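Participant: pasting the sequence and the predicted model now:
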Amino acid sequence: MAEPASVPVQQPLSPVKEIPVFEFTKRKRWADLLITELNDTVILVLSETCQVWYCGNAVTELLGWRDDELVDGDLVDLMNADDRGNFRAAFTESIRSKTEMLAYVRLQCKNEFYVSRDYTSAPKEVLFEIRGRPHHLPDTDEFKCYFAMAQPYPSRNTAMLNTFLELKMENERLQQRVAQLRAQSQAVEGPSDSFFTTSDNFAAADATRTSYDVGATQDVEDDGPRKKVKRLAAEQHVCVTCGRTDSPEWRKGPMGPKTLCNACGLRWAKKARKTGDEGEGDTGQNSSSVVF
């Protein structure tokens with residue numbers, strides 16, 4: 001009779017070594033570190049009359065005020081006049097009912113922190129979300145102070161997202177405008193000139209006009225020799241097709257002489273000969289017109 005097969009004995013698994021979790025509260029003076037490291041939230045300790053007893057350092061980065069400038073002052077004086085009544089009512093009701101308060105107010109920046117372009121308008125205001133709760137003694141139910149946190153609303157991440165969306169919408173609007181201008185140009189000049197009706201060429205044409213305007217202004221305002229200024233202004237060419245400014249030779253194009261670089265001018269001349277436009281192709285400038 002066959003003997004039964006031996007069953008291998010399974011060794012007990014070794015206990016998994018747990019990685020100790022670091023607790024933030026075990027750090028020395030963790031409460032002070034928590035307050036000082038909050039750079040997007042203003043920690044406030046208020047009295048029953050909304051007098052500032054303590055203000056976090058984040059107020060300097062967010063509004064430009066120093067904390068010692070706001071201590072012993074009324075927080076309501078920093079708000080927009082239209083928001084003061086609602087905040088007072090919500091603050092008083094929170095103390096009376098011992099519940100949490102949520103309010104949205106506009107706080108003024110310091111004048112030196114935000115200076116308008118005309119130096120006459122009122123200081124800039126930032127919308128803040130203020131959350132607070134009163135603190136009472138557990139035995140006597142006596143009011144001691146009011147803890148509050150003020151954060152910009154919307155948050156910085158939301159503000160960056162809104163800015164990105166605004167720029168994207170502006171880019172879409174400009175793209176539609178460029179498409180309209182391109183269609184109008186094709187309708188006026190015909191399909192044969194569609195090679196030059198791109199958005200880059202519009203910008204290059206503006207750059208060409210700007211360079212000539214700068215040269216003309218220098219010719220009028222500079223006290224030096226006029227001949228030298230005129231020669232420098234005449235040498236500032238920009239290709240209306242590719243935008244180059246350092247071509248060894250400038251050729252004739254659809255917008256006049258010396259508006260195309262050497263390569264674009266040869267391509268345009270070849271294209272003009274194929275379409276049968278005699279006289280449009282550039283025969284090339286002589287070697288004396290080379291610009292370095």
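Facilitator: Happy to help now that I have it. Because the structure is predicted, anything quoted here is derived from the model rather than measured. Residues are numbered from 1 along each chain as shown.

Participant: please make it C-alpha for all contacts and neighbour counts, starting now.
Facilitator: Will do.

Participant: in what helix or strand does Ser147 lie?
Facilitator: Quick fix: residue 147 reads Phe, not Ser. Element membership of Phe147 [criterion: DSSP states H and E] is strand 143-152.

Participant: let me see the mean pLDDT of that strand.
Facilitator: What strand 143-152 shows for mean pLDDT is 92.

Participant: after it, next one along is what?
Facilitator: Counting by DSSP H and E, the next helix or strand C-terminal to strand 143-152 is helix 156-189.

Participant: would you mark the buried spots in that following helix?
Facilitator: Neighbour counts over helix 156-189 (16 or more other C-alpha atoms under 10 Å) mark Val178, Leu181, Arg182, Ser185, Gln186 as buried.

Participant: pLDDT and distance to Gly64 added to those residues, as a markdown table?
Facilitator: Below are the buried residues of helix 156-189 laid out as a markdown table (pLDDT from 0 to 100; distance: C-alpha to C-alpha, whole Å):
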| residue | pLDDT | distance to Gly64 |
| --- | --- | --- |
| Val178 | 94 | 42 |
| Leu181 | 92 | 46 |
| Arg182 | 90 | 48 |
| Ser185 | 87 | 51 |
| Gln186 | 86 | 54 |
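
Participant: closest one to Pro138 out of those residues, please.
Facilitator: Of all those, Val178 has the smallest distance to Pro138: 69.1 Å, by C-alpha to C-alpha.

Participant: can you pull out the strands in the protein?
Facilitator: Secondary structure of the chain (DSSP state E): strands at 42-46, 52-55, 101-108, 125-136, 143-152, 251-253, 256-260.

Participant: contacting residues for Asn39?
Facilitator: By C-alpha atoms under 8 Å, 6 or more residues apart in numbering, the contact set of Asn39 is Asn57, Ala58, Glu61.

Participant: which of the strands of the chain is buried the deepest?
Facilitator: Stretch with highest mean neighbour count among these: strand 251-253 (a mean of 24; mean count of other C-alpha atoms under 10 Å).

Participant: tell me the mean pLDDT over it?
Facilitator: For strand 251-253, the mean per-residue pLDDT is 86.

Participant: likewise for stretch 266-278?
Facilitator: Averaging pLDDT along stretch 266-278 yields 79.

Participant: so which bits of that stretch are buried?
Facilitator: Buried residues in stretch 266-278, defined by neighbour count with 16+ other C-alpha under 10 Å: Leu266, Trp268, Ala269, Ala272.

Participant: distance of Phe143 relative to Val45?
Facilitator: In this view, Phe143 and Val45 are 13 Å apart by C-alpha to C-alpha, to the nearest Å.

Participant: please report how far the nearest residue to Pro134 once chain neighbours are set aside lies from Gly85.
Facilitator: Distances taken as C-alpha to C-alpha, 6 or more residues apart in numbering place Tyr146 nearest to Pro134, at 4.3 Å, with adjacent residues excluded. Noted for Tyr146: a distance of 18 Å to Gly85, by C-alpha to C-alpha.

Participant: got it, and Ala263?
Facilitator: For Ala263, the distance to Gly85 equals 71 Å [C-alpha to C-alpha].

Participant: for Val188, same thing?
Facilitator: Separation of Val188 from Gly85 (C-alpha to C-alpha): 62 Å.

Participant: got a winner among the contacts of Asn39 for most neighbours?
Facilitator: When those are compared by neighbour count (other C-alpha atoms under 10 Å), Ala58 ends up highest, at 23 neighbours.

Participant: tell me the domain ranges of this protein?
Facilitator: Following the TED database, one gets these domains for the chain: 40-153, 234-274.

Participant: what's the closest of these to Asn171?
Facilitator: Asn171 sits nearest to domain 234-274 of all the domains of the chain, at 21.5 Å, using C-alpha to C-alpha.

Participant: buried stuff in stretch 61-69?
Facilitator: Within stretch 61-69, the residues that count as buried by 16+ other C-alpha under 10 Å are Leu62, Leu63, Gly64, Trp65, Arg66, Asp67.

Participant: quick one: the closest residue to the first one other than its chain neighbours from Ile130, how far?
Facilitator: Spelled out, it's Leu62. Distance criterion C-alpha to C-alpha, 6+ apart; nearest residue to Leu62, sequence neighbours excluded, is Asp40 at 7.3 Å. To Ile130, Asp40 is 13 Å away according to C-alpha to C-alpha.
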